[in-house]
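A.B. asks: need a structure here:
(2 chains)
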Amino acid sequence: MIALRDIRKAYATEFTRLEVLKGIDLTIEDGEYVSIMGSSGSGKSTLLNILGILDDYDSGTYHLDGTLISKNLSQKEAAYYRNRFIGFVFQSFNLLNFKTAQENVALPLYYQKISRKERADLAMHHLEQVGLADWATHFPNQMSGGQQQRVAIARALATSPKVILADEPTGALDSKTSHEVMEIFDRVNNEGRTLIIVTHEMDIAHRTKRIIHIKDGIIINQDE
Amino acid sequence: MIDLDKWNEIFESIKRHKLRTALTALGVFWGIFMLVILLGAGQGLQNGVEYQFEGDATNSIRLSGGWTSKAYKGLPKGRRIYLNNEDIKILQRDFPEVDDISGRVFLRGNQQVRYKDKIFAYSVRGVAPTIAYLEQFMMVQGRFLNDGDDHLLQKNAVIGTLVKEELFGKETDAVGKEINIGGIVYKVVGVYYDREGEQSLRDIYIPITVAQKVYQGTEYVNNIWFSTVDVDLDQAKSLENRIRRMMSAKYLFDPEDVRAMWVSNAIEEYQNFQNLFAGIKAFLWFVGLGSLFAGVIGVSNIMLIIVKDRTREIGVRKALGATPGSIVNMILSESIFITLMAGYFGMILGLVVLYFASSIESEFFRRPEIHLGVGFLAILILAIAGALAGWVPARQASRINPVIAMKAR
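C.D. replies: Residues are numbered from 1 along each chain as shown, chains lettered A, B, ... in the order given. Here you go, the predicted structure:
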């Protein structure tokens, strides 16, 4: 599903050049359940951004489901691939506060030019999947953090992406709601979807089937 | 295709910032309002003056004899130049541009005019029938003087509407009645109306042949007035010069001596007014567009703030697959929408004000109006203004990096 070969990325400022990724080789198969661990500054966020086509890389190759994600995609192409291939779950949920749960879930479908009616149906279906069908017409600020994150997961699933990328999905949640969210992730993976979670919490990482440790821009080991 | 969702988004955004949107819109509203008022008032001014011009034929030239102010070919200055009937014939014969022509004889002083027991004093003029075209008279009753009156020395008179009111009072029909002008009895054959103003409605016209034979005993005329066939300003000036040279040879005065023969060229005056109004209009456009531009800058500023406000939202949208184009479209649409709506209401209010102002009618101001084309132009300007106002903010929004934007709080 994902094949990274010698991915390098550096941020140059006026005076210094900071190498963040120093040659990442990584293969993730279809249906895998993977976590990426590392301390802050290890390069794990940069790696996630590259995987999510939110950032470009300097050298190497990145294949996603057999498609080469070129290092100099136009913004339009990047938007297209993000929309079709990837579902994002963020630490801070990133729901739009002025839209209802259902409208939030439907948003990525809007950019696929799917009809209004069909969007609403699909969004409802995915809200049911995360157990929030009754909350469809509520706004994010009327919901708990756990509920909001479940809405965000439903949104990530809405386009049936190839990969779900979750960036510290439980970072803003207490342990009980973290557990609920992870149960949903487990289920999503059981249904066969590839799932990559970036985290620094050991117990979260251990629920996944493979842990990739990253330190100073390189992968130091991969536990099965 | 109308994208319902896009418009929903725009209405949402406007609803969330009602006051801010309203204040922004006010700038554009006021700008277009001022533009409409200014242009309407300018047109009103022009209409007023053009109406004045319409009182006479605009393509006409008047000649009158004066006193020479320069010695010429051994002749002293201070000689009186009299134009006469022969000059009229020469002008008609030798100048193909000359169309309707009439000499005019003004009887000295005001004449005592009597009808039954009423006595008034009016100025009386001897003219050819063609003067009706030159003065742009409208006949209210009867007819104007005709060639028959001229040839047969008929003592017929045509009077202005005010003369008729004063002399005949409640009697509705003046035609066929006899009035006494300076001791001689004339028959009224018509009543005319002239848009030029009240003064010109207190005149009495009689055949020029009668005026010359009965009152003057010469073939002199006070002035000669003629209209031209369709000529432009340069042709009119050239005609004026050729006539001056011809007259200067005939009456032996210096062709440079403008006081020897006065020429008043309405074509030139009309052109001058046209130029003046073109200038005034250009100035009004400048001022109007300036205030509109200030409004547009306002919209642009607010849109920048809105984009800043929505940075995180735009970041999320981009992460979920919004293309830069769709972001630009969203911001531009909102900007154009605000501008068009505000401008539309500004224009409507401006038109309402003009509508009420159209009841004002003075010598120099009438029928303030906006031509349809100007209205459409204003709408086009608004759409462009909206796009202009949205352009910078929209580009900024499209360049937002989703990773950084989503970290913004």
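A.B. asks: Check the average confidence over stretch A:204-214, would you?
C.D. replies: When pLDDT is averaged along stretch A:204-214, the result is 92.
A.B. asks: for that stretch, which positions count as buried?
C.D. replies: Buried residues in stretch A:204-214, defined by neighbour count with 16 or more other Cβ atoms under 10 Å in any protein chain shown: A:Ile204, A:Ala205, A:Arg207, A:Thr208, A:Arg210, A:Ile211, A:Ile212, A:His213, A:Ile214. No exception for glycine: its C-beta is placed from N, CA and C like everyone else's.
A.B. asks: out of those, which one sits closest to chain B?
C.D. replies: The closest of these to chain B turns out to be A:Ile214 (Cβ to the nearest Cβ; 17.7 Å).
A.B. asks: Let me see the contact set for the closest one.
C.D. replies: Taking Cβ atoms under 8 Å, 6 or more residues apart in numbering or on different chains as the contact definition, A:Ile214 lies against A:Ile24, A:Ile36, A:Met37, A:Gly38, A:Ser42, A:Gly43, A:Lys44, A:Leu47, A:Ile220.
A.B. asks: taking the buried residues of stretch A:204-214 as a set, which two sit the farthest apart in space?
C.D. replies: A:Arg207 and A:Ile214 (18.5 Å; Cβ to Cβ).
A.B. asks: Stretch A:106-122: end-to-end distance?
C.D. replies: Stretch A:106-122 has an end-to-end distance of 7 Å (criterion: Cα to Cα, to the nearest Å).
A.B. asks: That stretch and chain B, are they touching?
C.D. replies: Yes - using Cβ under 8 Å from any Cβ of the partner chain, stretch A:106-122 comes into contact with chain B via A:Leu107, A:Pro108, A:Tyr110, A:Tyr111, A:Gln112, A:Arg116.
A.B. asks: Out of those residues, which two are the most distant from each other?
C.D. replies: Farthest apart among the residues of stretch A:106-122 next to chain B by Cβ to Cβ are A:Pro108 and A:Arg116. That separation is 14.2 Å.
A.B. asks: Can you pull the phi/psi pair for A:Leu157?
C.D. replies: When read as degrees, to the nearest 10, the backbone of A:Leu157 gives phi -80, psi -20.
A.B. asks: where do the strands sit along chain A?
C.D. replies: Secondary structure of chain A (DSSP state E): strands located at A:2-12, A:17-28, A:33-37, A:59-64, A:67-68, A:86-89, A:163-167, A:194-199, A:210-215, A:218-223.
A.B. asks: for the residue lying closest to A:Arg155 once chain neighbours are set aside, what are its contacts?
C.D. replies: Distances taken as Cβ to Cβ, 6 or more residues apart in numbering or on different chains place A:Val105 nearest to A:Arg155, at 4.7 Å, with adjacent residues excluded. Contacts for A:Val105 (Cβ under 8 Å, 6+ apart) come out as A:Leu122, A:Ala123, A:His126, A:Leu127, A:Val151, A:Ala154, A:Arg155, A:Ala158.
A.B. asks: Looking at chain A, which helix is longest?
C.D. replies: In chain A, assigned by DSSP state H, the helix with the most residues is helix A:175-190.
A.B. asks: hey, C-alpha coordinates of it in CSV?
C.D. replies: What follows is helix A:175-190, C-alpha atoms only, in CSV (Å, rounded to 0.1, in the frame of the first residue of the first chain):
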residue,chain,number,x,y,z
SER,A,175,-8.0,7.6,29.0
LYS,A,176,-11.6,6.4,29.0
THR,A,177,-12.6,8.2,25.8
SER,A,178,-9.2,7.3,24.3
HIS,A,179,-10.1,3.7,24.8
GLU,A,180,-13.5,4.3,23.0
VAL,A,181,-11.7,5.9,20.1
MET,A,182,-9.1,3.2,19.9
GLU,A,183,-11.9,0.6,19.8
ILE,A,184,-13.3,2.3,16.7
PHE,A,185,-9.9,2.2,15.1
ASP,A,186,-9.5,-1.5,15.9
ARG,A,187,-12.8,-2.1,14.2
VAL,A,188,-12.0,0.0,11.2
ASN,A,189,-8.8,-2.0,10.8
ASN,A,190,-10.6,-5.3,11.2
